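Visitor: show me the folded form of this:
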Amino acid sequence: MTEKENSTERKIVTPGEVILSGNDYLPGEGTEKIGNDIVAFRYGLAEEINRLVKVIPLSGVYHPRRGNVVIGKINNITFNGWLMDIGSPDNAFLSVAEYPKFVHKSELDMVMNIGDMAVAKIKEVNRKAVDLTMRLKGLGRIDEGIIIQVNPNKVPRIIGKEGSMINLIKEETGCNITVGQNGFIWMKGDSIEKELFAKKAIMFVTEKSFVSGLTEEIKKWFEKEKNHPSMADLKEKK
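Guide: Alright, predicted model coming up:
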């Protein structure tokens, strides 16, 4: 049985709205069961998969989770590391010990300075702090490409099931793309035209995030965009 056969169409719901009724359904994230009704208690996109009903939020701040890859801005340097703004209520901290190469404590600003953007992974989330690491492949300071910010709650739609959506965008645009779970997205291609094309595709996905069958929609969008006269230069650079 396909995913389509196992799930209902997504629809936007408001708090207090009945999503589905019947004893066959179970309340998931963003919902509660009142009598026989599954009711939304937040604004978002309602979805039912294998009888589990949940509401995917369409707005809100980023809540850090262990294992998340994030993109942020260095906003302070301490004697033993860097403080990074990752769009959450609290700053995140990258210890010099979690940087992939040896750095003398007097040279921290030479490695990453205030205002620099970087990719990191959340190592731990504590009550008072979020600890980061860069001791993995693909993490570190960002020196090239472009960065955009989207609502962090739309990141799952940009990534797609098992990475299907973001892999399609990478293939069609020829860009390396890093999606931070905090809503920052870094695109790097061998031309600014490709990077801007990737940005345009991602913005299309965010604007249509509530649409069912979004993968097919983005495929149609790519076909339309490729045939546009303004894409002639991009085709030549592929």
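Visitor: just give the nearest non-adjacent residue to Glu172, would you?
Guide: Phe222 (5.0 Å; CB to CB, 6 or more residues apart in numbering). The C-beta positions use only the backbone N, C-alpha and C, and glycine is treated the same way.
Visitor: distance of the residue nearest the centre of the chain from Asn68?
Guide: Geometric centre of the chain, nearest residue: Val155, 3.1 Å, by CA atoms, centre = their mean. Taking CB to CB, to the nearest Å as the measure, Val155 falls 10 Å from Asn68.
Visitor: which residues are in contact with the helix or strand encompassing Ala201?
Guide: In this assignment (DSSP states H and E), Ala201 forms part of helix 192-207. Applying CB atoms under 8 Å, 6 or more residues apart in numbering, the contact partners of helix 192-207 are 145-146, 148, 150-151, 154, 157-158, 165, 169-170, 172-175, 177, 185, 187-189, 214, 218, 221-222, 225, 231, 233-234, 237.
Visitor: let's go with 7 Å and repeat that
Guide: 145-146, 148, 150-151, 154, 157-158, 165, 169, 172-175, 177, 185, 187-189, 214, 218, 221, 233-234, 237 (CB atoms under 7 Å, 6 or more residues apart in numbering).
Visitor: and the direction of the host helix or strand of Thr215 versus that of helix 192-207, what angle?
Guide: Counting by DSSP H and E, the element that carries Thr215 is helix 214-226. Put simply, helix 214-226 runs at 140 degrees to helix 192-207, going by axes from the mean of the first three to the mean of the last three CA atoms, to 10 degrees.
Visitor: and for helix 214-226, what's in contact with it?
Guide: Contacts of helix 214-226 (CB under 7 Å, 6+ apart): Arg157, Gly160, Ser164, Met165, Leu168, Glu172, Ala201, Phe204, Val205, Lys208, Val211, Met231.
Visitor: next, the residue in the chain sticking out farthest from the centre: phi, psi?
Guide: Distance to the chain centre peaks in the chain at Gly35, reaching 35.4 Å (criterion: CA atoms, centre = their mean). Phi and psi for Gly35, reported as degrees, to the nearest 10, are phi 70, psi -120.
Visitor: what of Asn50?
Guide: The phi and psi torsions at Asn50 (degrees, to the nearest 10) take the values phi 50, psi 40.
Visitor: all further residue positions should be reported with the first residue as 628.
Guide: Okay, residue one is now 628; in that scheme the one you just asked about reads as Asn677.
Visitor: report how many residues lie close to it.
Guide: 9 (other CB atoms under 10 Å).
Visitor: count the residues that sit near Val832.
Guide: By other CB under 10 Å, 24 other residues sit near Val832.
Visitor: what distance do you get for it to Glu844?
Guide: 9 Å.
Visitor: which regions of this protein sit below the pLDDT cut-off?
Guide: 628-636, 685-687, 855-865 (pLDDT under 70).
Visitor: just the helices from it, written as ranges.
Guide: 630-633, 735-738, 782-786, 791-800, 819-834, 841-853, 859-864 (DSSP state H).
Visitor: quick one: which of those is nearest Arg768?
Guide: helix 735-738 (7.5 Å; CB to CB).
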